[in-house]
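Enquirer: next one to model:
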Amino acid sequence: MRRSDREITDSSAIESFIAKEQIIRIAFYDDGDIYIVPVNYGYIRENGKYLFCFHGSRAGRKFELAKASPKVGFEIDGKYELLEAETACDFSAKFQSVIGTGTISLVEDKTEKILALNCLMKQTTNKPVWEYKDEMLNGVAVFRLDVDKMSCKAK
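Expert: Alright, predicted model coming up:
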């Protein structure tokens, strides 16, 4: 990180930020192109490691790229506040962000899929347990992003 004075290393501060946000952007490499998609997420932190869960269709670009090119980048941002000034060049902003890399896999096991969907729904609704019909579970793609590297920054 170029600006080490803005780096956040306190693990509880990082988790607090991740717990409050709703959108993670996943960046896939697609044969010379970069494809970035924003998705709702849930997360699990175990032994100091993060994994993010999200869902989508069992067809389409995101689904195909997750299978073909599972190494991805990701980004979460929030706490944005414009800092106004008298001149254009003196404007700035407060923010916080998490940026990292990881590996995506498709979740196929029913128990793990329910755990991941409950994780996502808890992040979105704060309700930790939901019921899912088999038809829905069979029709949705659930993704798991295991974090390899991650950094957090704030201004």
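
Enquirer: the helices in this protein, which residues?
Expert: Under the criterion DSSP state H, the chain contains helices at 11-20, 61-68, 110-125, 134-139.

Enquirer: so who does the residue nearest the centre of the chain touch?
Expert: Residue closest to the average C-alpha location in the chain (CA atoms, centre = their mean): I24, at 3.5 Å. For I24, the contacting residues are 38-41, 52, 54, 74-76, 145, by CB atoms under 8 Å, 6 or more residues apart in numbering. C-betas here are computed from N, CA, C, even on glycine.

Enquirer: show me which pair in those is furthest apart.
Expert: N40 and E75 (14.4 Å; CB to CB).

Enquirer: sorry, back to before: select only the buried ones of the contacts of I24 in ChimeraX?
Expert: Typed into ChimeraX, the line below selects the buried ones among the contacts of I24, using 16 or more other CB atoms under 10 Å:
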select :39,40,41,52,54,74,76,145
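
Enquirer: so which of the contacts of I24 is the closest to K62?
Expert: Nearest member of the contacts of I24 to K62, counting by CB to CB, is V39, at 8.1 Å.
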